[in-house]
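Chemist: predicted model and sequence follow; I will ask about them next.
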Amino acid sequence: MQKSQNKDSYTKLSLIWDFLKGSRMFFLISILAALFVNGLEMISPQIIRATIDSVIGDKELELPLFAVSLVERAGGIKTLKSHLWLIAFTIVMLATGSAVFRYVNMYYNSRGAEHFAKTMRDRLFAHIQKLPFSWHMKNQTGDIIQRCTSDVDMIKNFISEQLTAVFRIFIMIALSLCFMFSMNIKLTAVALVFIPVILGYSWAFHAKIQERFTKCDENEGVLSAIAQENLTGIRVVRAFGKENFERERFEKQNQIYTNEWMKLCVVLSLFWGTGDLVSGLQIMLVVVLGSYLCVKGEMTAGEFIAFVSYNTMLVWPVRSLGRTISEMSKAGVSVERICYIMNSLPEQDKPDALTPDMRGDIDFDHVSFGYGSEKILSDVSFTVKAGTTFGILGSTGCGKSTLMHLMNRLYDLPEDGGRITIGGVDIRDMKGEWVRQHIGMVLQEPFLFSRTIAENVGIAKDPVTLTEIRQAAAIACVDESITDFTRGYDTLVGERGVTLSGGQKQRIAIARMLMQKTPIMVFDDSLSAVDAKTDAMIRGALKAELADTTVILIAHRVTTLMEADCIMVLDRGKAAEMGTHEELMERKGIYRKIYDIQMALAEEVEQNGA
Ligand SMILES: Nc1ncnc2c1ncn2[C@@H]1O[C@H](COP(=O)(O)OP(=O)(O)O)[C@@H](O)[C@H]1O
Ligand SMILES: [Mg+2]
């Protein structure tokens, strides 16, 4: 994947911290509430211990001073003995308090997490909008979508389940240990020995889980990309009867993906199994040793029961810490995948980028370019005089669209690849957005949004009236076809315009561009899907409308561009011939050859049809 990274690029931590903006307060409240829950939970075992030892037994009451004075105020141990409900009531009150704080904890945690996920999705989408066209060409749509959905969810779940949990865990461990130490040092030492063991094996599994999860995530991306491509190209798949081939391709990748998850599950099962074994051993040791100490009289029965409670409160958090580590491994992978997007450089203009008048001459000056190492254009030079029509003729793949991508700054011309100037200003010195705002472009296979025809045509102008839309459509010779639809301009264009013919789509796209009223207009093979008669009609209408517009007309049909003020023949990335139709005809070069062939073909078709 691409190397270019932001100067102040995100690390995994700084990314999370930044995305937490706006939800930090929610998490803080949630964490505070969690601390209260823990504090309250820690009190119950002490009440049980005191009850067993001093209310049921005869040991002197060992509680903090404020608790002792509370008991005194209630009437001392004697009253407690005859009113056991007082103890039950205290425990219920503690449980209620704990429940309230737990609610606050969960509520603010969810709020924080949802807000966090929303911020993350918004920021990702906004950033992707700004990334250069070349980035989009390099990265598969399905994979990008997966990063914005699955990966975002993975991180959200980690934050919502683990962020406050981590704080709770540490507090639980610290408090449990305090109480345990206060009751029996020897037994605490035994319980403690296991903590490094549990943490140790969690850490050891961490790397393995991370490695496995990366594989799962990558393969999910590949699977999404396959599905996305298939759905986008479903018509081609059907037309060529490739359903089985596509199904097999999907199934194969799905199998790989499933296998990767199975491997991850094996690692996770081993991880949790080992955890059960280790913590089981720890609890067994504490119980056995505790009973022994009780029998020897070094511990009271109440202390023993309270100790075992605290031990459970210790073991679970330590094990959860293991879980946190394993979840962290998974979330870490997702964060990295999102970092990749956020750290990809958005399209950047020079600091003092210009916004000059775009009605000047367009000059391609020794332009050479290749997408990779292979040269697509070599040393192409030509000038389009302002307000004239310039035709480019060439076979498919000779680099016509590439010329336009460069002029539109979808791809940037390298410093040593010559210059493209408009009105004498190098387009590299202009704002990218400015360039595209002033160059209208219609492509051979235009993309229409799944909205109404009116919305598609009027997309570039706001506010827009139906009259304006219809005017543009009339020039593009499509108004009649549209009004023939039962819903007229309110007809919904299916996903990628399934309900429209190629020619209709091209003409709607032409109307859409006309709405922009740009000083430069490019028709990149955009009359290829309409018949010769409509082609001529559209050109006639455009000529009248676009008197002072600079027009670049790209075609492989000579008749489409023979009326242009100047025509260039592009042959395998080189400007082979240039001149008016008459000049080129006289030269008897490639142009003449193409013309003769096409005319002969047209005649043949006419004769056969007649
Ligand atoms: N984004 C791209 N990445 C790599 N190669 C590309 C890209 N776009 C076009 N090409 C290649 O560049 C050459 C010229 O393409 P293009 O300019 O679209 O030709 P034309 O418009 O004349 O049919 C072709 O060989 C094509 O395969
Ligand atoms: Mg093309």
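Modeler: Structure's in. What do you need? Ligands and ions are numbered 1, 2, ... in the order given.

Chemist: and the helix or strand hosting V222, what does it pack against?
Modeler: Per DSSP states H and E: V222 is located in helix 185-232. Helix 185-232 makes packing contacts with helix 141-146, helix 164-183, helix 243-296, helix 301-342 when contacts are defined by 3 or more C-beta pairs under 8 Å, 6 or more residues apart in numbering; DSSP states H and E. Where you see a C-beta, it was placed from the backbone N, CA and C, and this is true even at glycine.

Chemist: any idea which of the ones you listed gets closest to ligand 1?
Modeler: Proximity to ligand 1 (C-beta to the nearest ligand atom) singles out helix 141-146 among the helices and strands packed on helix 185-232, at 14.2 Å.

Chemist: next, count neighbours for T79.
Modeler: Residues lying near T79 (other C-beta atoms under 10 Å) number 12.

Chemist: oops, could you answer that again for I87 instead?
Modeler: 17.

Chemist: check contacts around it.
Modeler: I47, T51, V55, L80 (C-beta atoms under 8 Å, 6 or more residues apart in numbering).

Chemist: rerun at 6 Å
Modeler: T51 (C-beta atoms under 6 Å, 6 or more residues apart in numbering).

Chemist: ok, C566 next?
Modeler: By C-beta under 6 Å, 6+ apart, the neighbours of C566 are F390.

Chemist: check the gap between it and ligand 1 for me.
Modeler: 18 Å (C-beta to the nearest ligand atom, to the nearest Å).

Chemist: quick one on the thing from earlier: among the helices and strands packed on helix 185-232, which is nearest A99?
Modeler: Taking C-beta to C-beta, helix 164-183 is the member of those nearest to A99, at 15.5 Å.

Chemist: re earlier: tell me the angle the helix holding V222 makes with helix 164-183.
Modeler: Interaxial angle, helix 185-232 versus helix 164-183 (axes from the mean of the first three to the mean of the last three C-alpha atoms, to 10 degrees): 170 degrees.

Chemist: any idea of the mean pLDDT in helix 185-232?
Modeler: Across helix 185-232, pLDDT averages out at 86.

Chemist: the inter-axis angle of it versus helix 243-296?
Modeler: Going by the same axes, to 10 degrees, helix 185-232 makes 170 degrees with helix 243-296.

Chemist: now the phi/psi pair for D349, please.
Modeler: When read as degrees, to the nearest 10, the backbone of D349 gives phi -90, psi 160.

Chemist: list the contacts of the residue most central in space within the chain.
Modeler: Closest residue to the average C-alpha location of the chain: C148 at 2.6 Å, with C-alpha atoms, centre = their mean. C148 sits next to L124 when contact means C-beta under 6 Å, 6+ apart.

Chemist: any idea how far ligand 1 is from A454?
Modeler: Applying C-beta to the nearest ligand atom to A454 and ligand 1 gives a distance of 30 Å.

Chemist: what sits up against stretch 379-387?
Modeler: Residues contacting stretch 379-387 (C-beta under 6 Å, 6+ apart): 359-368, 390, 548, 550, 568, 575.

Chemist: doesn't P463 fall inside a strand?
Modeler: No. Under DSSP: H, G, I helix; E, B strand; the rest coil, P463 sits outside any strand and is assigned coil.

Chemist: got the helices and strands packed on helix 185-232 as JSON lines, with mean neighbour count and distance to T96 columns?
Modeler: Formatted as JSON lines, these follow (neighbours: other C-beta atoms under 10 Å; distance: least, C-beta to C-beta, whole Å):
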{"stretch": "helix 141-146", "mean neighbour count": "19", "distance to T96": "44"}
{"stretch": "helix 164-183", "mean neighbour count": "19", "distance to T96": "19"}
{"stretch": "helix 243-296", "mean neighbour count": "14", "distance to T96": "29"}
{"stretch": "helix 301-342", "mean neighbour count": "21", "distance to T96": "19"}
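
Chemist: how about stretch 573-586 and ligand 1, touching?
Modeler: No. Contact between stretch 573-586 and ligand 1 is absent, the nearest approach being 7.6 Å (criterion: C-beta under 6 Å from any ligand atom).

Chemist: now, the most widely separated pair of the contacts of stretch 379-387?
Modeler: Counting by C-beta to C-beta, the most remote pair of the contacts of stretch 379-387 is S368 and D548, 31.7 Å apart.

Chemist: higher neighbour count, the two?
Modeler: Taking other C-beta under 10 Å, S368 and D548 do not tie; S368 has more neighbours (16 against 9).

Chemist: and the more buried one, what's its pLDDT?
Modeler: Per-residue pLDDT puts S368 at 95.

Chemist: can I get the CA coordinates of the helix or strand hosting it in PDB?
Modeler: Using DSSP H and E, S368 falls within strand 362-369. Extracted as PDB, the C-alpha positions of strand 362-369 are listed here (Å, rounded to 0.1, in the frame of the first residue of the first chain):
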ATOM      1  CA  ILE A 362      -4.700  25.600 -22.800                       C
ATOM      2  CA  ASP A 363      -1.200  24.600 -23.500                       C
ATOM      3  CA  PHE A 364       0.300  21.100 -23.200                       C
ATOM      4  CA  ASP A 365       4.000  21.600 -23.300                       C
ATOM      5  CA  HIS A 366       6.100  18.400 -23.800                       C
ATOM      6  CA  VAL A 367       3.900  16.300 -21.500                       C
ATOM      7  CA  SER A 368       5.100  12.800 -20.600                       C
ATOM      8  CA  PHE A 369       3.400  10.600 -18.100                       C
END
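
Chemist: who does it pair up with?
Modeler: If you go by DSSP bridges, strand 362-369 pairs up with strand 377-384 (antiparallel), strand 419-422 (antiparallel).

Chemist: please name the nearest non-neighbouring residue to G502.
Modeler: In this structure, G502 finds its nearest non-sequential neighbour in A529, 3.7 Å apart by C-beta to C-beta, 6 or more residues apart in numbering.

Chemist: hmm, the one you found is touching Q506, no?
Modeler: Yes. Using C-beta atoms under 6 Å as the test, A529 is close enough to Q506 to be in contact (5.2 Å).

Chemist: the more surrounded of those two?
Modeler: Under the criterion of other C-beta under 10 Å, the comparison of A529 against Q506 puts Q506 first, with 27 against 18.

Chemist: mind listing what the more buried one touches?
Modeler: S526, A529.

Chemist: okay, buried residues for the following helix or strand past the helix holding V222 please.
Modeler: Counting by DSSP H and E, the next helix or strand C-terminal to helix 185-232 is helix 234-239. Judged by neighbour count (16 or more other C-beta atoms under 10 Å), helix 234-239 contains these buried residues: V237.
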